[in-house]
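K.L.:
Give me a model of this one.
(chains A and B)
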Protein chains: 2
Amino acid sequence: MINLKRILVATDFSEHSNVAVKYATALAQAFDSEVILCHVVEAPDLISQIPPTGEGYFPPNFQEQQREAAEKECAKIIADSGIKNGRSLIVEGSAFFEVIRAAKAEDVDLVIVGTHGRGAIAHVLLGSVAEKIVRKAPCPVLTVREGEHEFVMP
Amino acid sequence: MINLKRILVATDFSEHSNVAVKYATALAQAFDSEVILCHVVEAPDLISQIPPTGEGYFPPNFQEQQREAAEKECAKIIADSGIKNGRSLIVEGSAFFEVIRAAKAEDVDLVIVGTHGRGAIAHVLLGSVAEKIVRKAPCPVLTVREGEHEFVMP
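P.N.:
The predicted structure is shown next:
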């Protein structure tokens, strides 16, 4: 029998991340696991996000504000999910890199990550984070997609 | 609560596939799932496998012999694994393509696939089959690696 004592779920608060949380909830219930809900606050992407005026868009404490908002959001997700033994982990950096680092540091038995759909750009999107996690994680990885399977009460 | 009614495990009878079977066994036990152990008999690779003499290496019924051997091996794995509700599915063709097709045809809720190690060529090996399965599967995919985590009796 395998033991899934600790499960790390990567979330960017998107719909496909919410599906990942549902799988984490079910697996944690089945295996009595602790769930670590991990969100990576990424550095602001200046090129794509800065407005034409070029000033006043990011407040000086932008990262800190993002972290606080992420902590609240994670706490809410855990409270709403039905996860009995869960905690949030907010880290800063590159999503892929920090998820792998957290999985190692927390010695988790499974990483669950949501991926984008199976459309034309699925390859590109999956490649960006989830695929790297699958390649580099120190443990098994469960990849789930938004809306691909319905959840059925047993 | 999610429902994992049917789990497909892809096996090439390697060590990392055996790890995948262990995860399938545990998940099937937790979720009362049916397990389909899927092996793809690939067309013989003439360039790498044919001996210098160049004749008499592949008998005329080579594919059929492979299929029969695979069926026996799968039956043995299921019997030895502790999987209560399992069956084997032997298909012929390209490993990635046939696993995806089987996952769709059997309407499975999860695919489990073992991958090679995390060494220098991990990218290449993972890319060959498991990565494509992660990208294209119609359902969540659990990727596991040989020897990365020990199994602990709860």
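K.L.:
Which residue, other than its chain neighbours, is closest to A:Gly114?
P.N.:
Distance criterion CB to CB, 6 or more residues apart in numbering or on different chains; nearest residue to A:Gly114, sequence neighbours excluded, is A:His16 at 3.4 Å. C-beta: built from backbone N, CA, C; applies to glycine.
K.L.:
quick one: secondary structure of that neighbour?
P.N.:
Secondary structure, DSSP: H, G, I helix; E, B strand; the rest coil: A:His16 is helix.
K.L.:
Count the neighbours of it for me.
P.N.:
A:His16 sits with 21 neighbouring residues when counted by other CB atoms under 10 Å in any protein chain shown.
K.L.:
the helices in chain A, which residues?
P.N.:
Taking DSSP state H as the criterion, chain A carries its helices at A:15-31, A:46-49, A:62-81, A:95-105, A:122-128, A:130-136.
K.L.:
quick revisit: I'd guessed the residue nearest to A:Gly114 sits against A:Ala130; true?
P.N.:
No: under the criterion of CB atoms under 8 Å, A:His16 makes no contact with A:Ala130, lying 9.1 Å away.
K.L.:
which residues do the two both contact?
P.N.:
A:Gly114, A:Thr115 (CB atoms under 8 Å, 6 or more residues apart in numbering or on different chains).
K.L.:
In chain A, which residue sits nearest chain B?
P.N.:
Distance from chain B to each residue of chain A (CB to the nearest CB) is smallest for A:Ala30, at 3.8 Å.
K.L.:
tell me the contacts of that residue?
P.N.:
Contact criterion CB under 8 Å, 6+ apart gives B:Leu27, B:Ala30, B:Phe31 as the residues in contact with A:Ala30.
K.L.:
Any idea how many residues pack against the last one?
P.N.:
Think B:Phe31. Number of residues near B:Phe31 (other CB under 10 Å) recorded here: 20.
K.L.:
contacting residues around stretch A:103-113?
P.N.:
Surrounding stretch A:103-113, the residues in contact under the criterion CB under 8 Å, 6+ apart are A:2-10, A:20, A:23-24, A:27, A:33, A:36, A:89, A:99, A:102, A:129-130, A:133, A:137-144, B:149.
K.L.:
Give me the nearest residue to A:His39, chain neighbours excluded.
P.N.:
With sequence-adjacent residues excluded and distances taken as CB to CB, 6+ apart, A:His39 is closest to A:Ala70, at 4.7 Å.
K.L.:
Please give me every residue in contact with the one you found.
P.N.:
Neighbours of A:Ala70 in contact, by CB under 8 Å, 6+ apart: A:Phe13, A:His39, A:Val41, A:Ser88, A:Ile90.
K.L.:
same deal with A:Ala20?
P.N.:
So A:Ala20 contacts A:Val9, A:Ala10, A:Thr11, A:Ile112, A:Val113, A:Gly114, A:Leu142, A:Val144 (CB under 8 Å, 6+ apart).
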